[in-house]
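task: produce atomic coordinates for the following.
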Amino acid sequence: MSLTIRPARSDDRDNIIALIDGVYREYGDKIHLAGADADLLDIDGAYRTTSGEFVVLADRESVFGTHAVLPLEERPGVGTFRRLYLAASLRGQGYGDVLMRWAIQWAQSHALMRIEFWSDTRFGHAHRFFARHGFARDGRTREMDDGAMPYREHL
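Residues are numbered from 1 along each chain as shown. The predicted structure is shown next:
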């Protein structure tokens, strides 16, 4: 299988939503397009019109991973990572590292000196992955109610 990272296109939307919904379902949750996941309905508007980028890891037909970087307009030089998801069948094979390297390089090339992001507290494997890439929690958590069910996030 030949996978490449490329900018998400509008015709990727259904595959992106299915991928992320599949990951949520691993945790007993589901996607909520009327709330927390509304950005997936308009990727250009949510990311590119605000100077960010959203990419997919894909072959010719399917999306197997996603990642996005978004500068924080109210804090120059600071950005956030969003939407790092990978199909279960590809985890542990280095594809997550490829997506993270893309995001770090993109952030550096766009003068982002600091990256902060919130991550669902249920995603323990992802937190270990982030730590391997040099990210650390700052101790804050927040309660969220914009999803299909309430959840908590770490910063």
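
residues contacting Arg6?
If a contact means CB atoms under 8 Å, 6 or more residues apart in numbering, then Arg6 has Val55, Val56, Ala58 as its contacts. Backbone N, C-alpha and C define where each C-beta goes, glycine included.

by neighbour count, which of these wins?
Val56 (26 neighbours; other CB atoms under 10 Å).

right, and the helix or strand after the helix or strand hosting that residue?
In the assignment (DSSP states H and E), Val56 maps to strand 53-58. Tracing the chain past strand 53-58, the next element assigned as helix or strand by DSSP H and E is strand 63-71.

state the mean pLDDT of that next one.
Regarding strand 63-71, the rounded mean pLDDT is 98.

can you list the strands that that strand pairs with?
Here strand 63-71 has these sheet partners by DSSP bridges: strand 53-58 (antiparallel), strand 78-86 (antiparallel).

quick one: closest of those strands to Leu33.
Nearest to Leu33, of all the strands paired with strand 63-71, is strand 78-86, at 13.7 Å by CB to CB.

picking up where we left off before, mind putting the strands paired with strand 63-71 in CSV, distance to Asp42 included?
What follows is these, written out as CSV (distance: least, CB to CB, whole Å):
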stretch, distance to Asp42
strand 53-58, 11
strand 78-86, 13
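
just send these back as JSON lines, with mean pLDDT too.
Formatted as JSON lines, the strands paired with strand 63-71 follow (pLDDT from 0 to 100):
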{"stretch": "strand 53-58", "mean pLDDT": "98"}
{"stretch": "strand 78-86", "mean pLDDT": "97"}
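
deepest-packed of these, please.
Of all those, strand 53-58 carries the top mean neighbour count, a mean of 23, counting by mean count of other CB atoms under 10 Å.

pull the residues that contact that one.
3-8, 12, 15-16, 43, 46-48, 63-69, 83, 86, 90, 95, 98-99, 102, 106.

report the distance from it to the chain centre.
9 Å (CA atoms, centre = their mean, to the nearest Å).

kindly report the same for stretch 15-30.
On the basis of CA atoms, centre = their mean, stretch 15-30 sits 12 Å off its chain's mean C-alpha point.

which stretches of the protein form strands?
Ranges of strands within the chain are 4-7, 53-58, 63-71, 78-86, 114-115, 119-120, 141-144, 151-154, based on DSSP state E.

burial of the residue nearest to Arg140 when sequence neighbours are not counted, as a residue count?
In space, and not counting its chain neighbours, Arg140 is closest to Leu155: 4.3 Å by CB to CB, 6 or more residues apart in numbering. Applying other CB under 10 Å, we find 12 residues neighbouring Leu155.
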